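> quick one, structure for this:
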Amino acid sequence: MFDNTDWRKLLLCIVITQSAGVIGSIFTIPAIPTWYESLNRTPINPPDWLFAPMWTTLYLLMGVSLYLILGKKNNKIGLTLFYIQLGLNALWSVLFFGLKSITAGVIEIVFLWFFVLFTIIEFRQLDKRAAYLLIPYIAWVTIATILNLAISFYN
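Numbers count the residues shown, from 1 in each chain. I've put the predicted structure just below:
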(Lines give C-alpha, C1' and ligand atoms only; values in the text may rest on other atoms or scores of the structure.)
Protein backbone atom coordinates (compact mmCIF):
# COMPACT_ATOMS: atom_id res chain seq x y z
CA MET A 1 0.00 0.00 0.00
CA PHE A 2 2.70 2.52 0.91
CA ASP A 3 4.76 2.39 -2.30
CA ASN A 4 2.25 4.33 -4.39
CA THR A 5 0.40 6.10 -1.62
CA ASP A 6 -1.07 9.49 -2.41
CA TRP A 7 -0.58 10.92 1.07
CA ARG A 8 -2.75 13.98 0.46
CA LYS A 9 -5.66 11.83 -0.68
CA LEU A 10 -5.15 9.48 2.27
CA LEU A 11 -5.12 12.42 4.68
CA LEU A 12 -8.28 13.83 3.08
CA CYS A 13 -10.04 10.48 3.51
CA ILE A 14 -9.07 10.38 7.17
CA VAL A 15 -10.23 13.98 7.67
CA ILE A 16 -13.57 13.12 6.04
CA THR A 17 -14.19 10.19 8.35
CA GLN A 18 -12.90 11.97 11.46
CA SER A 19 -15.32 14.79 10.62
CA ALA A 20 -18.23 12.46 11.35
CA GLY A 21 -16.75 12.03 14.81
CA VAL A 22 -16.38 15.77 15.27
CA ILE A 23 -20.00 16.33 14.26
CA GLY A 24 -21.14 13.60 16.62
CA SER A 25 -19.06 14.97 19.49
CA ILE A 26 -20.78 18.36 19.21
CA PHE A 27 -23.95 16.62 20.38
CA THR A 28 -22.36 13.97 22.58
CA ILE A 29 -19.95 15.87 24.82
CA PRO A 30 -22.48 18.23 26.41
CA ALA A 31 -25.00 15.43 27.02
CA ILE A 32 -22.67 12.99 28.78
CA PRO A 33 -22.31 14.68 32.18
CA THR A 34 -25.99 15.61 32.30
CA TRP A 35 -28.57 13.54 30.44
CA TYR A 36 -26.50 10.41 29.71
CA GLU A 37 -25.26 10.12 33.30
CA SER A 38 -28.88 10.19 34.48
CA LEU A 39 -29.78 7.10 32.43
CA ASN A 40 -29.96 3.60 33.85
CA ARG A 41 -27.21 1.63 32.12
CA THR A 42 -26.13 -1.99 32.21
CA PRO A 43 -23.09 -3.29 34.09
CA ILE A 44 -21.58 -4.21 30.71
CA ASN A 45 -21.46 -0.57 29.65
CA PRO A 46 -17.85 0.34 28.84
CA PRO A 47 -16.39 3.27 30.79
CA ASP A 48 -17.10 6.66 29.23
CA TRP A 49 -13.39 7.37 28.65
CA LEU A 50 -13.14 4.42 26.23
CA PHE A 51 -15.48 5.84 23.59
CA ALA A 52 -13.32 8.71 22.28
CA PRO A 53 -10.16 6.68 21.60
CA MET A 54 -12.19 3.79 20.21
CA TRP A 55 -14.11 5.99 17.77
CA THR A 56 -10.98 7.92 16.78
CA THR A 57 -9.30 4.63 15.89
CA LEU A 58 -12.37 3.37 14.02
CA TYR A 59 -12.63 6.61 12.00
CA LEU A 60 -8.93 6.24 11.12
CA LEU A 61 -9.52 2.68 9.85
CA MET A 62 -12.58 3.89 7.94
CA GLY A 63 -10.49 6.62 6.31
CA VAL A 64 -7.85 4.15 5.16
CA SER A 65 -10.60 1.87 3.88
CA LEU A 66 -12.15 4.75 1.93
CA TYR A 67 -8.75 5.62 0.47
CA LEU A 68 -8.28 2.06 -0.80
CA ILE A 69 -11.63 2.17 -2.61
CA LEU A 70 -11.30 5.60 -4.20
CA GLY A 71 -8.98 4.42 -6.95
CA LYS A 72 -11.01 1.35 -7.88
CA LYS A 73 -13.17 0.99 -10.96
CA ASN A 74 -16.90 0.40 -10.43
CA ASN A 75 -16.72 1.90 -6.95
CA LYS A 76 -19.86 4.06 -7.11
CA ILE A 77 -22.11 1.66 -5.18
CA GLY A 78 -19.44 1.10 -2.55
CA LEU A 79 -18.77 4.80 -2.15
CA THR A 80 -22.49 5.56 -1.96
CA LEU A 81 -22.95 2.95 0.77
CA PHE A 82 -19.88 4.24 2.59
CA TYR A 83 -21.10 7.82 2.63
CA ILE A 84 -24.60 6.78 3.70
CA GLN A 85 -23.24 4.80 6.64
CA LEU A 86 -20.92 7.67 7.55
CA GLY A 87 -23.88 10.05 7.56
CA LEU A 88 -25.90 7.60 9.64
CA ASN A 89 -22.97 7.35 12.02
CA ALA A 90 -23.02 11.10 12.68
CA LEU A 91 -26.83 11.17 12.75
CA TRP A 92 -26.97 8.66 15.59
CA SER A 93 -25.28 11.13 17.95
CA VAL A 94 -27.71 13.85 16.89
CA LEU A 95 -30.69 11.62 17.62
CA PHE A 96 -29.48 9.88 20.76
CA PHE A 97 -27.51 12.63 22.49
CA GLY A 98 -28.75 15.78 20.76
CA LEU A 99 -32.47 15.01 20.78
CA LYS A 100 -32.12 12.68 23.76
CA SER A 101 -34.22 10.10 21.95
CA ILE A 102 -33.28 6.59 22.96
CA THR A 103 -35.93 5.10 20.66
CA ALA A 104 -34.76 7.05 17.61
CA GLY A 105 -31.22 5.96 18.46
CA VAL A 106 -32.26 2.30 18.50
CA ILE A 107 -34.06 2.54 15.18
CA GLU A 108 -31.28 4.49 13.53
CA ILE A 109 -28.41 2.31 14.78
CA VAL A 110 -30.06 -0.76 13.24
CA PHE A 111 -30.04 1.02 9.87
CA LEU A 112 -26.41 2.02 10.51
CA TRP A 113 -25.44 -1.59 11.24
CA PHE A 114 -26.97 -2.83 7.99
CA PHE A 115 -25.35 -0.08 5.93
CA VAL A 116 -21.95 -0.90 7.46
CA LEU A 117 -22.54 -4.55 6.55
CA PHE A 118 -23.56 -3.65 2.98
CA THR A 119 -20.48 -1.44 2.70
CA ILE A 120 -18.22 -4.28 3.83
CA ILE A 121 -19.81 -6.66 1.33
CA GLU A 122 -19.41 -4.18 -1.52
CA PHE A 123 -15.88 -3.17 -0.53
CA ARG A 124 -14.84 -6.83 -0.37
CA GLN A 125 -15.54 -7.12 -4.09
CA LEU A 126 -13.33 -4.12 -4.77
CA ASP A 127 -10.47 -4.52 -2.26
CA LYS A 128 -10.47 -7.11 0.52
CA ARG A 129 -8.18 -4.95 2.65
CA ALA A 130 -10.75 -2.15 2.62
CA ALA A 131 -13.46 -4.56 3.76
CA TYR A 132 -11.32 -6.07 6.51
CA LEU A 133 -10.49 -2.61 7.88
CA LEU A 134 -14.22 -2.17 8.57
CA ILE A 135 -14.57 -5.37 10.64
CA PRO A 136 -13.66 -3.65 13.95
CA TYR A 137 -16.18 -0.95 13.07
CA ILE A 138 -19.10 -3.34 12.60
CA ALA A 139 -18.04 -5.17 15.76
CA TRP A 140 -18.16 -1.92 17.74
CA VAL A 141 -21.48 -0.88 16.15
CA THR A 142 -22.83 -4.30 17.17
CA ILE A 143 -21.80 -3.60 20.77
CA ALA A 144 -23.25 -0.09 20.53
CA THR A 145 -26.52 -1.54 19.23
CA ILE A 146 -26.74 -3.93 22.18
CA LEU A 147 -25.98 -1.09 24.60
CA ASN A 148 -28.55 1.17 22.95
CA LEU A 149 -31.17 -1.60 23.21
CA ALA A 150 -30.26 -2.18 26.86
CA ILE A 151 -30.55 1.52 27.66
CA SER A 152 -33.93 1.52 25.95
CA PHE A 153 -35.03 -1.43 28.04
CA TYR A 154 -33.78 -0.01 31.36
CA ASN A 155 -35.21 3.46 30.77
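> flag the shaky bits of this protein, pLDDT-wise.
1-3 (pLDDT under 70).
> go again with 90.
For the chain, applying pLDDT under 90 flags the ranges 1-5, 42-44, 48, 71.
> centroid residue for this structure?
Geometric centre of the chain, nearest residue: residue 89, 4.7 Å, by CA atoms, centre = their mean.
> and it, how far is that from residue 7?
With distances taken as CB to CB, to the nearest Å, residue 89 is found 25 Å from residue 7. Where you see a C-beta, it was placed from the backbone N, CA and C, and this is true even at glycine.
> now the residue nearest to the centre of the chain. Nearest residue, chain neighbours left out?
In this structure, residue 89 finds its nearest non-sequential neighbour in residue 20, 5.1 Å apart by CB to CB, 6 or more residues apart in numbering.
> thought the one you found was touching residue 59?
Yes: because the distance of 6.6 Å satisfies CB atoms under 8 Å, residue 20 is recorded as touching residue 59.
> report the contact partners of the residue nearest to the centre of the chain.
Residues counted as contacts of residue 89 (CB atoms under 8 Å, 6 or more residues apart in numbering) are 20, 24, 112.
> name the element the residue nearest to residue 77 when sequence neighbours are not counted belongs to?
The spatial neighbour of residue 77 that comes closest, neighbours along the chain excluded (CB to CB, 6+ apart), is residue 122 at 5.5 Å. Per DSSP states H and E: residue 122 is located in helix 102-126.
> elements contacting that helix?
The contact analysis (3 or more CB pairs under 8 Å, 6 or more residues apart in numbering; DSSP states H and E) places helix 102-126 against helix 48-70, helix 76-93, helix 128-132, helix 135-154.
> export those to TSV and tack on distance to residue 11?
Conversion of the helices and strands packed on helix 102-126 to TSV gives the following (distance: least, CB to CB, whole Å):
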stretch	distance to residue 11
helix 48-70	8
helix 76-93	17
helix 128-132	17
helix 135-154	20
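> of those helices, which is nearest residue 104?
Ranking the helices and strands packed on helix 102-126 by distance to residue 104, with CB to CB as the measure, places helix 76-93 first at 8.9 Å.
> circling back to that earlier point, give me the three-state assignment for the residue nearest to residue 89.
Assigned state for residue 20: helix (three-state reduction, DSSP: H, G, I helix; E, B strand; the rest coil).
> give me the number of residues near it?
Residues within reach of residue 20, counting by other CB atoms under 10 Å, total 22.
> now for it: which residues touch it?
59, 86-87, 89-90.
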